[in-house]
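Novice: Have a look; sequence and predicted model below, questions after that.
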Amino acid sequence: MNPPENDEYNPQRPPSYNLLQLPMRNEEDYWKIIKALGASHSKAQRAKITKDTGISRLPLCAASKAFVHPTFFPLDPFHLFYKNCMAYIWDLWTTITNPAETALHLPIDKARQFGEAVSAAMKTLPPAFCGTVRDPFLKRQSQYKVYEWMALLHWYVLPIGMELGFDPAVLENFLHFASAIEFSMTVASRSDLEIGDLHAKIRRVRLCIFQLIHVPIHMKWNGSIRTGSQATVERTIGEVGHKIRSKKAPFAHLANIITEKELLRILTIIYPVLSLDLCDNDNSGSRLDTAAGYPSVRKSQVVQHLAIRRCDVESTQDEFEAISKATNIYVAELREMSDRWGKARLTNGRLLRSKLSDSRSPNACSYRWFEARLESSQGTMKTTVFGEVIAFYTLEGPTKRSLAVYNPLTEVTQPLGQTRGKWDRSLLRIVDISLIVDIVGIWEAKDYVYILRKHPALAMLSAEELGNAEHDSGDSEEDSDMDDDH
């Protein structure tokens with residue numbers, strides 16, 4: 001690899017590097033530089049050492065007995081992956097390259113179409129995911145935020161790129177970058193073989209290579225980037241720092257605060273229902289990244305009662321027939337023992353709307369699509385299904401049931417790792433609400449519907465960093481009192 005403009009900016013450094021034999025700085029070299037900084041007698045000397053090495057002073061964390069260079073220093077995935085790499089890739093496609101570089105350069109018409117597609121996609125992106133993602137073609141220079149770059153990387157570049165006819169080789173290369181970020185930002189156990197594969201993907205990235213090369217090392221030592229990212233560390237320091245009140249023994253107070261926080265965290269792992277941040281649609285994610293699968297942390301419930309009006313009897317016949325087929329209860333009996341609802345609160349606290357709810361109380365943003373885990377007919381494994389909710393029903397009886405009637409996503413494929421399919425509007429299916437894992441967003445193209453899952457890294461951002469999204473878009477538990485029986 002040949003660093004760009006090396007003679008001008010780094011004349012004292014090698015003109016090229018072998019990525020398999022990078023000159024990694026070890027701890028011994030680090031302490032030599034620290035000692036040289038301490039022995040310097042002028043600002044000019046210190047400035048030269050800092051310029052040559054990138055080290056400016058001895059950090060407080062180096063006093064820790066656990067200090068090992070360079071793995072002790074956390075990476076900042078939000079600036080490194082999104083604000084730096086993703087932003088540069090967009091600029092590389094649109095402004096840095098010229099039209100003569102046809103394989104890499106994105107023509108202005110396609111860049112404009114991409115931006116328009118992103119802007120139009122906001123109607124089907126759940127507000128619980130993040131705030132409004134702006135048109136990157138028009139708003140790139142208007143302080144485009146971290147969560148917007150995250151949305152492009154994880155949700156929109158590959159689906160929209162495939163539909164607009166981006167160069168396949170460019171999209172294939174981008175997939176390597178996106179999958180490496182996805183891998184490193186997901187909390188899960190990893191094998192040495194998987195870490196090695198991540199290292200191979202990162203070697204393909206020439207941008208920020210001297211920082212990205214530390215990602216596999218960080219994961220081998222500490223696990224997911226999320227568990228030790230600079231953003232997490234900075235936020236924890238800020239939260240804990242404000243709680244220290246003791247001037248006599250601040251470090252003892254700090255130790256007590258950390259111990260109490262960890263005890264509470266362990267308690268909520270053992271008893272998830274005690275977690276206070278699972279009461280509503282929030283930024284904490286869906287708590288679905290556990291090895292055990294998809295835990296139910298609270299009881300699902302239906303809200304917004306919408307009684308069947310006289311004019312609805314005929315239009316609901318197909319829905320009742322689908323429920324009858326699934327429950328072996330006659331339609332006439334079902335009409336007597338059931339209630340119809342417009343929304344449902346899932347086990348993770350999120351609110352799921354339906355076509356019925358959107359028809360009665362239109363919303364600027366729809367979120368009536370879901371992901372569910374169903375047992376196979378043999379009962380040996382679980383399959384993932386996606387659907388668009390038509391309406392919710394509760395069945396009274398010895399065992400009360402809450403059901404969703406939905407249109408399934410069929411012909412599901414995963415080109416470039418993107419889940420897509422087609423809605424079968426002629427087919428109605430039934431699912432128990434307790435089996436619905438989470439809400440999902442969608443992006444609708446001409447021939448396909450692409451599924452958008454909330455990325456776990458969004459859980460690390462505050463409401464302000466997520467664009468101050470109103471996660472329920474005005475929906476609340478008060479809707480349960482609504483009854484349109486007239």
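Specialist: Okay, I see it. Everything quoted here is computed from the prediction, not taken from an experiment.

Novice: Next, the buried residues of the strand or helix carrying D7.
Specialist: Element membership for D7, per DSSP states H and E: helix 6-9. Buried residues in helix 6-9, defined by neighbour count with 16 or more other CB atoms under 10 Å: none. Glycine gets a C-beta too; all of them are placed from N, C-alpha and C.

Novice: Over to L58: give its phi and psi.
Specialist: Here is the backbone geometry of L58 (degrees, to the nearest 10): phi -80, psi 120.

Novice: Just give me the neighbour total for it.
Specialist: If you count neighbours by other CB atoms under 10 Å, L58 ends up with 14.

Novice: Quick one: residues contacting it.
Specialist: With contact taken as CB atoms under 8 Å, 6 or more residues apart in numbering, L58 is in contact with I34, L37, G38.

Novice: could you give the mean pLDDT of the helix or strand where the second one lies?
Specialist: In other words, L37. When elements are assigned from DSSP H and E, L37 belongs to helix 27-39. Computed over helix 27-39, the mean pLDDT rounds to 89.

Novice: which parts of the longest helix anywhere in the chain are buried?
Specialist: Across the chain, the longest stretch assigned as helix under DSSP state H is helix 250-270. Under the neighbour-count criterion of 16+ other CB under 10 Å, helix 250-270 has H253, I257, T268 buried.

Novice: ok, now stretch 215-225?
Specialist: Under the neighbour-count criterion of 16+ other CB under 10 Å, stretch 215-225 has V215, P216, H218, M219, S224, I225 buried.

Novice: Give the rounded mean pLDDT of whichever helix or strand the first one is part of.
Specialist: Element membership for V215, per DSSP H and E: helix 214-222. Mean pLDDT, computed over helix 214-222, is 77.

Novice: For L193, which three-state class applies?
Specialist: The three-state label given to L193 by DSSP: H, G, I helix; E, B strand; the rest coil is helix.

Novice: For it, give me the pLDDT.
Specialist: What the model reports as pLDDT for L193 is 82.

Novice: do the same with E465
Specialist: In the prediction, the pLDDT value recorded for E465 is 67.

Novice: got the buried residues for the host helix or strand of F177?
Specialist: Element membership for F177 (DSSP H and E) is helix 168-185. Burial within helix 168-185, assessed by neighbour count using 16+ other CB under 10 Å, is assigned to V170, L171, F174, L175, F177, A178, A180, I181, E182, F183, S184, M185.

Novice: How about stretch 113-131?
Specialist: For stretch 113-131, the buried set under the neighbour-count rule, 16+ other CB under 10 Å, comprises 113-115, 117-119, 121-122, 124-131.

Novice: What of stretch 54-68?
Specialist: Neighbour counts over stretch 54-68 (16+ other CB under 10 Å) mark I55 as buried.

Novice: Regarding it, how distant is the last residue from the first?
Specialist: Its first and final residues considered, stretch 54-68 spans 17 Å by CA to CA, to the nearest Å.
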